[in-house]
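**Q** this one's sequence-less:
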């Protein structure tokens, strides 16, 4: 039996490759080095929001690959130089990073859940690396919903996921499913229902994977600023401003 941890919840950010099972980051004119820089900003913003939750650990998982190791090192070094005060303390005490085998997406996600439950976490949220506008309250809502559910799913308009939360154990084998399928969301949810497991659904949100998604992202960042939120997706905003001013790349 896994030893119960002081912090019973963890947010696991899985770094996605440019082309994963059934999805990709095709952002039109943003490609190459600019795409890499923007993706790094997405991850920094997601880490920053996750660390705002008290008593919740944060992990990132990435494939065992030299380019990805360099990619993650840039992110970590940037955060160490950027975060101050309580943010810096939270990063030092509650953040870790781990390498995984380069396997298909369903296997990688399943292994992340298995790893987190094995070391004693009770609640595990897996978030992708293409959702820079996800907020700490959204993650907190997921954890709260897990108090009454075996799972919480956050759907995208395409029928995929932007967040999956599980409680207690992996419940089902996510590697058994075809993650290239446009019905992956309904397929997994149906499997939970068939086993008599209780699951809840978050609001529809999006991963930034197309030029249209960039428009959604910019709209939401502008709305956050209008509401007085100067922090959510701030790193992403900085990078986009550089691109728009011709200073990126």
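**A** The structure has been received and is ready for your questions. Here the structure is a predicted model, which is why all the values come from computation and not from measurement.
**Q** pretty sure residue 55 sits against residue 9.
**A** Yes - between residue 55 and residue 9 a contact is recorded at 7.3 Å, counting by Cβ atoms under 8 Å. Backbone N, C-alpha and C define where each C-beta goes, glycine included.
**Q** and those two? Which one has more around it.
**A** For residue 55 versus residue 9, neighbours defined as other Cβ atoms under 10 Å are more numerous around residue 9 (22 against 9).
**Q** what residues are bridge-paired with that one?
**A** Each beta-bridge partner of residue 9 is listed here, defined by DSSP bridges: residue 56, residue 123.
**Q** so which residue is smack in the middle of this protein?
**A** Computing the C-alpha centroid of the chain and ranking residues by Cα atoms, centre = their mean puts residue 127 first, at 2.5 Å.
**Q** what does the stretch of helix or strand that residue belongs to contact?
**A** In this assignment (DSSP states H and E), residue 127 forms part of strand 123-128. Among residues not part of strand 123-128, those counted as contacts by Cβ atoms under 8 Å, 6 or more residues apart in numbering are 8-14, 16, 46, 50, 109, 112-113, 116-117, 134, 139, 142-143, 146, 161-167, 207.
**Q** so, low pLDDT: which residues of this structure?
**A** Where the chain drops to pLDDT under 70, the residues are 1-7, 246-249.
**Q** just the strands in it please.
**A** Secondary structure of the chain, counting by DSSP state E: strands at 9-14, 19-20, 23-24, 56-63, 95-100, 123-128, 151-155, 161-167, 199-201.
**Q** show me how far the fifth one is from its chain's centre.
**A** Here strand 95-100 shows a centroid-to-chain-centroid distance of 13 Å under the convention Cα atoms, centre = their mean, to the nearest Å.
**Q** quick one: strands adjacent to that strand?
**A** Looking at strand 95-100 with DSSP bridges, its paired strands and their directions are strand 56-63 (parallel).
**Q** so what touches the partner strand?
**A** For strand 56-63, contacts defined as Cβ under 8 Å, 6+ apart pick out 5, 7, 9-15, 17, 43, 47, 50-51, 68-69, 71-72, 75, 94-102, 108, 112, 116, 121, 139, 143.
**Q** any chance of a PyMOL selection covering the buried ones in these?
**A** The PyMOL selection below is limited to those of the contacts of strand 56-63 classed as buried (16 or more other Cβ atoms under 10 Å):
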select buried, resi 7+9+10+11+12+13+14+15+17+43+47+50+51+68+71+72+75+94+95+97+100+108+112+116+121+139+143
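**Q** which one's the longest helix in this structure?
**A** Taking DSSP state H as the criterion, the chain has its longest helix at helix 32-51.
**Q** hmm, back to that, the strand holding residue 127 vs helix 32-51, what angle?
**A** 160 degrees (axes from the mean of the first three to the mean of the last three Cα atoms, to 10 degrees).
**Q** let's have the chain start at 11 instead
**A** Understood, numbering begins at 11; the last thing we discussed is strand 133-138.
**Q** list the buried residues of strand 133-138.
**A** The neighbour-count check on strand 133-138 (16+ other Cβ under 10 Å) flags 133, 134, 135, 136, 137, 138 as buried.
**Q** thanks a lot, see you next time.
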